[in-house]
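Okay, structure incoming, though there's no sequence with it:
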């Protein structure tokens, strides 16, 4: 069974001091209100390691050093479209052998997620300049808000009608055919 928590350093030192005074496992456990098996494991660890502190080096070693992680973040910040496989090849040229999946996991741990890019209109410098000018001209214009409930965004009372086409003309060729191009009939 995996340990869910660890005893404080002070508690462990108290166990060791009582043990050095000649107390047994059961007496130490009752005095400090610590389970007997835990008392025994603390004492055995002290005899083996010479300390009650948690020894570093537990768990699996990291595949990439912190330098490698910073390198990956820098590469992805410069070019977010790089694939994990391309990053793996780049690292292997430098002498670090890791899988593409390990690179994905490392970037995920650093807060970078693989997402599909948003589709946005292609803006030229001229477009950006005109948009900035429009924003500057309309900075004092009040914003319009609507108080509404969830899932009521498209009810008519909660929308602001806009026209998104340039107008144009309506051609009715069937009408002309029916009236045989008679202007008098059209005007009547």
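Received the coordinates, thanks. Everything quoted here is computed from the prediction, not taken from an experiment.

Specify the local secondary structure of the most centrally placed residue in the chain.
The centroid of the chain falls nearest to residue 111 when counting by CA atoms, centre = their mean (4.8 Å). Classification of residue 111 by DSSP: H, G, I helix; E, B strand; the rest coil places it in coil.

Quickly find the element holding residue 29.
If you go by DSSP states H and E, residue 29 is part of helix 25-32.

Sketch out the low-pLDDT regions of the protein for me.
Low-confidence segments of the chain, defined by pLDDT under 70: 1-4, 166-188.

Excluding covalently adjacent residues, which one is nearest to residue 23?
Spatial nearest neighbour of residue 23, chain neighbours left out: residue 31 (7.4 Å); criterion: CB to CB, 6 or more residues apart in numbering. Every residue, glycine included, has its C-beta placed from N, CA and C.

and what of residue 13?
Residue 13 sits nearest to residue 52 (CB to CB, 6+ apart), 6.0 Å away.

which of the residues in the helix or strand that contains residue 106 are buried?
In the assignment (DSSP H and E), residue 106 maps to helix 100-109. By neighbour count with 16 or more other CB atoms under 10 Å, helix 100-109 contains the buried residues 102, 103, 104, 106, 107.

elements contacting that helix?
Here helix 100-109 touches helix 66-78, helix 84-93, going by 3 or more CB pairs under 8 Å, 6 or more residues apart in numbering; DSSP states H and E.

Name the surrounding residues that touch stretch 10-23.
27, 28, 31, 32, 34, 39, 42, 43, 46, 52 (CB atoms under 8 Å, 6 or more residues apart in numbering).

Give me the buried subset of the residues you listed.
Buried among these by 16+ other CB under 10 Å: 28, 34, 39, 42, 43, 46, 52.

Show me what the one helix or strand the fifth one maps to packs onto, helices and strands only.
Read it as residue 43. Here residue 43 sits within helix 36-49, counting by DSSP H and E. Under the contact criterion of 3+ CB pairs under 8 Å, 6+ apart, helix 36-49 touches helix 9-20, helix 25-32.

And the ones you listed: which comes nearest residue 126?
helix 9-20 (66.3 Å; CB to CB).

So what's the gap between the closest one and the chain middle?
With CA atoms, centre = their mean, to the nearest Å as the basis, helix 9-20 stands 44 Å off its chain's centre.

and it, which residues are buried?
11, 12, 14, 15, 16, 18, 19.
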